[in-house]
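> Got a predicted structure plus its sequence, pasted below:
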Amino acid sequence: MTKPWDMTSEHLLREVAPLVLGAVARRFRDFTPAEDAVQEAMLAAFTQWPQDGVPENPRGWLMQVACRRMTDQVRSETARRERETAVARETGAAAPAGDMESDSDPDDTLILLFMCCHPAITSPSAIALTLRAVGGLTTAEIAKAFLVPEATMAQRISRAKQSIKGSGVPFRLPSPQERAERLPAVLRVLYLIFNEGYISSIGAHLQRLDLAREPIRLTRCLRELLPGDGEVTGLLALMLLTDARRAARTGPDDELIPLDKQDRRLWDQAEISEGTELLAAALAKGSVGLYQLQAAVAAVHDEAARSEDTDWPQILALYELLKRVSPGPMVTLNHAVAIAMVKGPAKGMELLKALDCDGRLAGHYRLDAVRGHLCEMLGEREKAVTHYRAAAGGTTSIPERNYLMMQAARLEAPSKTEKLSGE
Amino acid sequence: MKYILMMNTMKAGQGVADWPAGDLQAHIAFMLNLNRVLQESGELVSAEGLSFPNQARLVRAGQDGVPIADGVFPESKEFLAGFWIVDVETPERAYAIAAQVSAAPGPGGTPMNMPIEVRPMMSAPPEM
């Protein structure tokens, strides 16, 4: 018995992918080949299901295909080495799918996330492996999302798996202490995927939308597994509260529209209320972390019906907290903007001076962009133009460069652009 | 057949960065629209814009293979600003696209008619 392939089938397939992988990896006690076998089973499903229909027991189907691949592989290796391994005998050729099902454990998704985001793996590799092993995406899809050739992405994934093998992490849940140590790395990878998708989701890159949705789905999963963790909930809230503004973030010509110029009617209210509720729940637990605070800032912006209604004193207070919890030049930069909005641009400028001596941000285009903005607030047009231009020369994002050049051009010839800016 | 279309601009501090806002916006919209049209016609392989030349470094391997980077090369008058790779039926079609790029609006909306270098890309050997 099969069901016809429809919109929900792909979701279903991707949801069971980590569970299948978990079961196969545990059964064969080897993550690396298991991951390849499951990827092959996924590819088989993507080709066969749309034609033949979705099997009644999709998970069982995937497990059977993946296990067959594994057994084939184990057999050929065994023959090559002329010895029988315990694994080959244990698994046999035709392990029934029903048996396999009982192997699956919801914690497998958690184990896999911690493996794929292992600190031994570089970020680009961890991102790719997470999307494949936990997200159930194919190598081709991931390659397309990151605009790199498929062979390059396959190589990146294989290197990540070699690092996992080399690090000797066992396929089991990390101890509470390990979990606490490594959770930030997991959250960081999920947030990086989200940012990659969110920041680049414009114009020609519309196909990258999935890169923003997928980390939301994975973080949602993670929250179901770790409901008590304030930072996991905080990250999910941050993603939702940011993603809510997506439709308003770009104009008809794909141009970037800054927060204060966005049409707020386009913001996704369902995402905002879900994010706000999650955040309230996280904060009620009393712990305060990096993601919760950033989510709180996003929530304050989202709550304002008009840009001029923004509760800047509240945002300033949040950045002061952030500076204590997670100090860094980017936090200082945002802190300076909040100070400028509350206490005036001159105060903001003072704060920026400290960043000139900070090697991490001195000469960074973001510093110039903020200076341009504050100079504009101060009415120093010429200086603002210089800073906006310098920032335009420093960014590597074309939409952002266009935006910054437009800021400079708008200030340089105010009489000509009155109609454009509508001010 | 694949072709690369290379767009060169003048040195940093010249060109688009100094244009009035309206002209700049028209130029950007033109380029975005062109990419969209090429994508819809199925001819676009890739389109990449490059950073401003102030980000450019000239790198050579030193004696021990360590990279030695020079700053910006002041003697160059022109810099590669971006390129398109298109997959088209005929060279004429590649030239036609290049002419469209070339006619991107400049200050005052006048077509810039900038030179676009068009070159066929090498491909795999034919099947025997």
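Noted; the coordinates are in hand.

> gap between A:Arg188 and A:Phe46?
Distance from A:Arg188 to A:Phe46, counting by CB to CB, to the nearest Å: 30 Å. (C-beta placed from N, C-alpha, C; glycine too.)

> Repeat that for A:Gln73.
Applying CB to CB to A:Gln73 and A:Phe46 gives a distance of 21 Å.

> do the same with A:His387
In terms of CB to CB, A:His387 sits 50 Å off from A:Phe46.

> Show me which of these two is the more surrounded one.
When neighbours are counted by other CB atoms under 10 Å in any protein chain shown, A:His387 and A:Phe46 differ, and A:His387 comes out ahead with 25 against 16.

> Surely the more buried one and A:Asp368 touch.
Yes. Look at A:His387 against A:Asp368 with CB atoms under 8 Å: they come within range, at 4.7 Å.

> Neighbours of the residue of chain A at minimum distance from chain B, how many?
Nearest residue of chain A to chain B, counting by CB to the nearest CB: A:Ala409, 3.8 Å away. Using other CB under 10 Å, A:Ala409 is surrounded by 26 other residues.

> What is the burial count for A:Gln407?
23.

> Also B:Ala61?
Neighbourhood size, B:Ala61 [other CB under 10 Å]: 9.

> contacting residues for it?
Going by CB atoms under 8 Å, 6 or more residues apart in numbering or on different chains, B:Ala61 touches B:Pro67, B:Ile68.

> In terms of pLDDT, where does it sit?
Per-residue pLDDT puts B:Ala61 at 91.

> before we move on, what about A:Gly234?
The score at A:Gly234 is 96. That number is its pLDDT.

> So it is in contact with A:Ala284, correct?
No. Applying CB under 8 Å as the test, A:Gly234 and A:Ala284 come out as separate, 12.0 Å apart.

> So between those two, which is more surrounded?
A count of neighbours by other CB under 10 Å puts A:Gly234 above the other of A:Gly234 and A:Ala284, at 27 against 9.

> Which stretches in chain B count as helices?
With helices called from DSSP state H, chain B shows them at B:21-40, B:91-102.

> Counting by contacts, list what the longest one packs against.
Put plainly, it is helix B:21-40. In terms of contacts (3 or more CB pairs under 8 Å, 6 or more residues apart in numbering or on different chains; DSSP states H and E), helix B:21-40 is packed against helix A:398-412, helix A:414-421, strand B:44-49, strand B:78-87, helix B:91-102.

> Okay, buried residues for that helix please.
The neighbour-count criterion (16 or more other CB atoms under 10 Å in any protein chain shown) identifies B:21-32, B:34-35, B:38 as the buried residues of helix B:21-40.

> List just the nearest of these to chain A.
Nearest to chain A among those: B:Ala21, at 3.8 Å, using CB to the nearest CB.

> pLDDT score for the closest residue to that closest one other than its chain neighbours?
Closest residue in space to B:Ala21, ignoring its immediate chain neighbours: A:Ala409 at 3.8 Å, by CB to CB, 6 or more residues apart in numbering or on different chains. As predicted, A:Ala409 sits at a pLDDT of 92.

> Find the least confident helix or strand in chain B, judged by mean pLDDT.
strand B:67-70 (a mean of 84; mean pLDDT, DSSP states H and E).

> and that one, is it in reach of chain A?
No. Residues of strand B:67-70 are not located near chain A by CB under 8 Å from any CB of the partner chain, the shortest gap being 15.8 Å.

> does A:Ala212 really touch A:Tyr198, like I thought?
Yes. A:Ala212 lies in contact with A:Tyr198 (CB under 8 Å); the separation is 4.7 Å.

> what's the overlap in contacts for the two?
With CB under 8 Å, 6+ apart, A:Ala212 and A:Tyr198 have common neighbours A:Asp243, A:Arg246.

> still on that earlier bit, tell me if I'm right that the residue nearest to B:Ala21 and B:Ala26 touch.
No. A:Ala409 is not in contact with B:Ala26 according to CB under 8 Å; the separation is 11.5 Å.

> Enumerate every residue touching A:Trp5.
Taking CB under 8 Å, 6+ apart, we find A:Trp5 in contact with A:Trp49, A:Pro50, A:Gln51, A:Gly53, A:Val54.
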